[in-house]
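[1] what's the 3D shape of this:
(one chain, ligands or ions: 1)
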Amino acid sequence: MAPSSERELRAELLRISHLCYERHLLVALDGNLSVRLPGGLVLCTQAGCHKGLLVDDELVVIDLEGKRVRGAGAPTSEMAMHLACYRSRPDVGAVIHAHPPLCIAFTLAGRSLARCVLPEVVLTLGTVPTLAYATTGTELLAARVGEAMLRHDAVMLDRHGAVCAGRSLREAFCRLETMEHMAAIMQAAHTLGAVRELPCDEAVKLRTLGLERYGGPPAAVARARQPGADLPPACLTCAGCEHAPSAADTAFAAPVAAAAPRSAGRVPAAPTSAPPGLAPQGLDGEVAAAVRRVLGGG
Ligand SMILES: [Zn+2]
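    Numbers count the residues shown, from 1 in each chain. Below you'll find the predicted structure:
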């Protein structure tokens with residue numbers, strides 16, 4: 001049975017926090033975890049605690065405005081990102097912010113994780129966008145996370161870390177672990193050669209299946225059977241290319257491409273006016289047009 005009482009949720013939060021540390025998804029005092037309690041308050045980690053050694057006394061109960069209701073210590077300023085997720089998504093029951101090293105390395109190198117390469121990831125997560133850099137703990141960053149979570153269950157923060165939401169702590173943790181595993185596989189594949197995308201029609205088929213089977217953001221689930229499902233238009237212009245970067249990768253990497261040219265055999269990134277790190281998000285018309293182009297529907 002899934003934990004549901006405050007006592008069970010406190011124990012689950014400690015367990016998942018320790019797992020985050022043991023799986024090298026954060027170190028030292030990094031990161032923070034939270035879970036919605038019955039009644040609408042939020043249980044979270046206090047500022048400045050070690051997630052590998054976390055104990056019950058280091059948990060704080062806050063309201064949706066971030067005001068402390070019970071417990072010692074103060075909630076971290078990064079809790080604003082968690083609260084933005086809860087406000088955006090009534091279906092979200094838990095949020096984890098961590099610093100998975102390989103995912104962060106991808107953002108430093110200007111490589112996008114918003115690519116349709118691994119079927120399991122497309123099924124369960126869709127694409128993971130990287131949000132443009134903003135100072136940690138600011139309202140600006142929290143607002144960006146809250147907005148992006150309307151369409152995604154997990155996002156990367158440029159140069160910083162991951163924010164993963166779920167119906168439960170376990171689901172949020174699975175998403176975090178999946179992202180880092182994907183980054184490890186992509187890094188290994190990069191050392192062997194070009195990373196090949198899934199063919200567009202297969203990516204769309206998997207995503208529709210995943211949204212229907214496993215759920216996701218309500219806005220994405222509502223798009224499950226629309227052209228392209230919830231995949232960004234950039235992903236729909238890549239039909240399993242072997243050597244060229246995907247359009248999503250190109251859009252992401254453009255700001256750093258001039259300083260660090262791509263390796264031989266890869267197409268140079270085209271200039272873009274998109275903010276660094278922001279994968280373009282779909283308008284219905286754009287998505288439909290991209291799907292028609294790729295699938296040859298005119
Ligand atoms: Zn952080």
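[2] do I have it right that residue 210 meets residue 119?
    No - taking contacts as Cβ atoms under 8 Å, residue 210 lies outside contact range of residue 119: 9.2 Å. The C-beta positions use only the backbone N, C-alpha and C, and glycine is treated the same way.
[3] more neighbours, the two?
    Per other Cβ atoms under 10 Å, whichever of residue 210 and residue 119 has more neighbours is residue 210, with 23 against 15.
[4] what sits against the more buried one?
    122-124, 126, 216 (Cβ atoms under 8 Å, 6 or more residues apart in numbering).
[5] helix or strand for it, which one?
    According to DSSP states H and E, residue 210 maps onto helix 200-214.
[6] check residue 134 too.
    Using DSSP H and E, no helix or strand contains residue 134.
[7] does it touch residue 145 like I think?
    No - at 9.3 Å, residue 134 does not count as touching residue 145 under the criterion of Cβ under 8 Å.
[8] okay, the two: which has more neighbours?
    residue 145 (26 against 18).
[9] isn't the more buried one up against residue 87?
    No - counting by Cβ under 8 Å, residue 145 sits too far from residue 87 to count as a contact (10.7 Å).
[10] mind giving me the domain split of the protein?
    Under automatic domain parsing, the residue ranges defining each domain of the chain are 6-110+127-192, 200-295.
[11] which stretches of the protein have low pLDDT?
    238-298 (pLDDT under 70).
[12] pull the longest helix from it.
    Identified as the longest helix of the chain according to DSSP state H is helix 169-192.
[13] list the helices and strands that helix packs on?
    Where contact means 3 or more Cβ pairs under 8 Å, 6 or more residues apart in numbering; DSSP states H and E, helix 169-192 is packed against helix 6-22, strand 94-98, helix 101-108, helix 119-124, strand 154-157, strand 161-166.
[14] out of those, nearest to residue 186?
    Closest approach to residue 186 among the helices and strands packed on helix 169-192 is made by helix 101-108 (7.4 Å; Cβ to Cβ).
[15] show me how far that closest one is from its chain's centre.
    Relative to its parent chain, helix 101-108 has a centroid offset of 13 Å by Cα atoms, centre = their mean, to the nearest Å.
[16] what does that helix contact?
    24, 112-113, 130, 156-162, 179-180, 183-184, 186-187, 277.
[17] rewinding a little: export the contacts of residue 210 to TSV and tack on distance to residue 45 and neighbour count?
    Shown next, in TSV, are the contacts of residue 210 (distance: Cβ to Cβ, whole Å; neighbours: other Cβ atoms under 10 Å):
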residue	distance to residue 45	neighbour count
122	31	24
123	30	16
124	25	21
126	27	27
216	26	23
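[18] closest one of the residues you listed to residue 96?
    Once Cβ to Cβ is applied, the member of the contacts of residue 210 that ends up nearest residue 96 is residue 124, at 15.5 Å.
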